[in-house]
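**Q** sequence first, predicted model second:
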Number of protein chains: 2
Amino acid sequence: MDAHHDNHHHIENDSQFAGLTVNNGVAQPPSVNPYLKARRRRPLPSAGELVEGILRGDVTMLSRAVTMVESLSPEHQTIAQEVIEKCLPHSGNSRRIGITGVPGAGKSTSIDEFGLHVLKDGGRLAVLAIDPSSERTKGSILGDKTRMERLSVNPHAFIRPSPSAGSLGGVARKTRETIVLCEAAGYNNIFVETVGVGQSETAVHSMVDFFLLIQLAGTGDELQGIKRGIMEMADGIVINKADGDNVDRARLAQAQFRSALQLFPPSPSGWSPDVLCYSGYYAIGIAEVWDMIDRYFDYVKANGYFERKRNEQARYWMYETIDEQLRRNFYTRPDIEAMLSDKEARVLANRQSSFTAARDILDHYYSAL
Amino acid sequence: MDAHHDNHHHIENDSQFAGLTVNNGVAQPPSVNPYLKARRRRPLPSAGELVEGILRGDVTMLSRAVTMVESLSPEHQTIAQEVIEKCLPHSGNSRRIGITGVPGAGKSTSIDEFGLHVLKDGGRLAVLAIDPSSERTKGSILGDKTRMERLSVNPHAFIRPSPSAGSLGGVARKTRETIVLCEAAGYNNIFVETVGVGQSETAVHSMVDFFLLIQLAGTGDELQGIKRGIMEMADGIVINKADGDNVDRARLAQAQFRSALQLFPPSPSGWSPDVLCYSGYYAIGIAEVWDMIDRYFDYVKANGYFERKRNEQARYWMYETIDEQLRRNFYTRPDIEAMLSDKEARVLANRQSSFTAARDILDHYYSAL
């Protein structure tokens, strides 16, 4: 990829936009957001105050509520859950768009352009992210300084980095709850960004209406990082850096991806994903990408898939939360951990079957509960 | 597809090969295999007798042990688990090959040919199946009469239909345990067949070394049934019915699939899946398909992936069994079922968040345990 596409945006002083800045990525984030700590002397806002602020579109109140959603403190969680519950009836009225691509695909520059394009028609945009790893210092997701140069200073855009590192399920849930708050605050476009190399895409796929995959022209190497299966999740594939000398390669990649998509079975929405070329850096082809996304929303709203998918997602997250908690309750017990490592060794040595090993541990668990 | 490829094999009288025949598909199978019932007056063989029989390759004893593995009776399960445990040290020495494709792709005819090819070099072959649906009367999986005309009369082949309908996890586990018994009985080639349209492929993928996808030449229609994501699981894709007028279409499909595979990220084994044409019906190209599979085994045994994957699979099944049991213990409680449907309605009406709904049910569950 071309070096000039990366790390060329820096904002020297963004303190005037405090409500819009992002926190630094940290290896082991504290359980309470430092931003909140600095204001600790102020009493915590009540759920009612937060909801009232969110509903009139107050960015500071929205930020504080999101911080509580992300907090591990039980006191904050109690308030956060009450806020979410009260925002729920005001949520749902947005286009939720997942955007993924390997590091280097130019996601930040693209989101900057896509975002400006979306805001041309009015409305508001929230940009969220899911990155359960703590390796955010690599700059993959809304890194040290936001690289969304113009969105970050746009009063109609709300940019929020990934919740602190934790289990994927936990991080994803917080992002999903943040979507509810943003929608209640009047954000009618939600972007959720992921790095496209891990498990997070399934989670994002389960909370967005449209899933956009950013690819690069080129052979094997650039594709190495993309997780298997992601291509089949995409509602649209866009090939970035279709500019200058790279246009021919991008067009070739476009043809290749188009013919590959034809071999895939139809998606459950009935929508046929298209492949488009664009340049995030030179702002070429942005409108065409967005026309495709507009067509998708028209299509799935007309055939009922939009509503059906949202319902399926709400159901999915209820069951996913249950399943995760059932597993956590089991796997975090010290006695179970000890048994597991012993049994695993026996299974790998062919001394016990996977099934009886599991059964022994479960017998112990239920008798100890 | 050509009509003459389907349902043209019937064995009028196979009672002389009782040990090799398959039972009829039934909508609601009894919990105990009728075959076993007929012999009920004979005392149950002990685990030791079964193991001794299996280890000397006695097909009747192998069949009886598999029937116990599939049985829901606790008495049979106790014997079955002891047999599996004692067979484990004698298992593992086989090539486990998953074979999938939509109904109509010609799986049975192909397996008949592939099996004969494999047996040319000596050794023994077991053909198992996973089909958690009870719709086996459609003839998709080892239907009413086995359509593996020559394998079914070959003394070196052991053909066993899918365990009775049940949860996918349960059916898959039984097939996995049957693999252990077959290997201990000296079967050094194991085929596991699935229909390629449901969830079962992931389960099969988790118990085989090589995953073969049978496709047909043609456009959208023939691909409709294949589940999204399966193509990326395949270690090899073979296009059947490359015969007569169909050769050109098959070659075109081969080129299309090859170019599509190049867009996929490399598989964790480092192996690059190939696409080959063949005709199961006219026995064209069978050796080439098998050469590819031989090359795969040479490759993954040399680079250590073979061993690593087998270990991962053993671990996977232990954790999968645990997770399934944790879920079952929760979801089969009547009080939980009632709460779930109430909460689900609230979630879909946007009256409660997915998370607090889940939390309420879990609080009830752990306090009631």
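**A** Yep, it's here. Source: prediction; values computed, not measured.
**Q** please look at A:Arg258 and A:Val275 and confirm they touch.
**A** Yes - applying CB atoms under 8 Å, one finds A:Arg258 in contact with A:Val275, separated by 4.8 Å. From N, CA and C alone the C-beta is placed, and that goes for glycine too.
**Q** between those two, which is the more surrounded one?
**A** A:Val275 (21 against 14; other CB atoms under 10 Å in any protein chain shown).
**Q** low pLDDT regions in the stretch 1-150 of chain A?
**A** In the predicted model, the stretch 1-150 of chain A carries pLDDT under 70 at residues A:1-42, A:132-146.
**Q** for the stretch 201-350 of chain A, give me the ranges with low pLDDT.
**A** Ranges of the stretch 201-350 of chain A meeting pLDDT under 70: A:218-228.
**Q** all helices of the stretch 1-150 of chain A, in order?
**A** A:34-38, A:47-55, A:59-70, A:74-87, A:107-119 (DSSP state H, counting those that start in this stretch).
**Q** let's have the ones you listed in TSV, adding distance to chain B and mean neighbour count.
**A** Converted to TSV, the helices of the stretch 1-150 of chain A look like this (distance: least, CB to the nearest CB, whole Å; neighbours: other CB atoms under 10 Å in any protein chain shown):
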stretch	distance to chain B	mean neighbour count
helix A:34-38	21	12
helix A:47-55	13	19
helix A:59-70	10	22
helix A:74-87	5	19
helix A:107-119	18	23
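**Q** host element of the residue in the stretch 151-300 of chain A that chain B sits nearest to?
**A** Closest to chain B within the stretch 151-300 of chain A is A:Ala260: 3.9 Å, counting by CB to the nearest CB. Following DSSP states H and E, one finds A:Ala260 within helix A:247-263.
**Q** which parts of that helix are buried?
**A** By neighbour count on 16 or more other CB atoms under 10 Å in any protein chain shown, the buried set for helix A:247-263 is A:249-250, A:253-254, A:256-257, A:260-261, A:263.
**Q** what do you get for stretch A:174-181?
**A** In stretch A:174-181, counting by 16+ other CB under 10 Å, buried: A:174-181.
**Q** and the angle from whichever helix in chain A runs longest to helix B:305-331?
**A** For chain A, the helix that runs over the most residues, judged by DSSP state H, is helix A:305-331. Computed with axes from the mean of the first three to the mean of the last three CA atoms, to 10 degrees, the direction of helix A:305-331 lies at 100 degrees from that of helix B:305-331.
**Q** other SSEs contacting helix A:305-331?
**A** Secondary-structure packing of helix A:305-331 (3 or more CB pairs under 8 Å, 6 or more residues apart in numbering or on different chains; DSSP states H and E): helix A:168-184, helix A:286-302, helix A:334-348, helix B:305-331, helix B:334-348, helix B:354-368.
**Q** and among the ones you listed, the most buried is which?
**A** helix A:168-184 (a mean of 24; mean count of other CB atoms under 10 Å in any protein chain shown).
**Q** average pLDDT across it?
**A** Helix A:168-184 comes out with an average pLDDT of 91.
**Q** and which of the buried residues of stretch A:174-181 is nearest to A:Pro103?
**A** Distance to A:Pro103, by CB to CB, is smallest for A:Thr175 among those, at 19.2 Å.
**Q** listing partners with orientation, what would you give for the helix or strand hosting A:Ile237?
**A** According to DSSP H and E, A:Ile237 maps onto strand A:236-240. With DSSP bridges as the test, strand A:236-240 is paired with strand A:210-216 (parallel), strand A:274-277 (parallel).
**Q** winner for burial among those?
**A** With a mean of 24, the top stretch among the strands paired with strand A:236-240 by mean neighbour count (mean count of other CB under 10 Å) is strand A:210-216.
**Q** next, the angle helix A:107-119 makes with that one.
**A** For strand A:210-216 against helix A:107-119, the angle by the same axes, to 10 degrees is 130 degrees.
**Q** ok, residues contacting strand A:210-216?
**A** With contact meaning CB atoms under 8 Å, 6 or more residues apart in numbering or on different chains, strand A:210-216 is reached by A:1, A:95-102, A:104-107, A:110, A:196, A:201, A:204-205, A:222-223, A:226, A:230-231, A:233-241, A:253, A:257, A:289, A:293, A:296-297.
**Q** check stretch A:237-246 too.
**A** Against stretch A:237-246 from outside (CB under 8 Å, 6+ apart): A:1-2, A:5, A:101, A:105-106, A:110, A:212-217, A:231, A:250-251, A:253-254, A:257, A:261, A:273-282, A:284-285, A:289.
**Q** try 7 Å
**A** Contacts of stretch A:237-246 with the rest of the structure, by CB atoms under 7 Å, 6 or more residues apart in numbering or on different chains, involve A:1-2, A:5, A:105-106, A:110, A:212-217, A:250, A:253-254, A:257, A:273, A:275-282, A:284-285, A:289.
**Q** again, but for stretch A:353-369
**A** Contacts for stretch A:353-369 (CB under 7 Å, 6+ apart): A:330, A:335-336, A:339-340, A:343, A:346-347, B:81, B:84-85, B:88, B:173, B:177, B:314, B:317-318, B:321-322, B:325, B:369.
**Q** what is the mean pLDDT for that stretch?
**A** On average, the pLDDT along stretch A:353-369 is 93.
**Q** got the angle between the strand holding A:Ile237 and helix A:247-263?
**A** 160 degrees.
**Q** tell me the contacts of the closest residue to A:Arg351 other than its chain neighbours?
**A** Among residues not flanking A:Arg351 along the chain, B:Leu88 sits closest, at 7.1 Å (CB to CB, 6 or more residues apart in numbering or on different chains). Residues in contact with B:Leu88 (CB under 7 Å, 6+ apart) are A:350, A:353, B:180.
**Q** now distance to B:His76 too, for those, in CSV please.
**A** Shown next, in CSV, are those (distance: CB to CB, whole Å):
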residue, distance to B:His76
A:Asn350, 23
A:Ser353, 16
B:Val180, 16
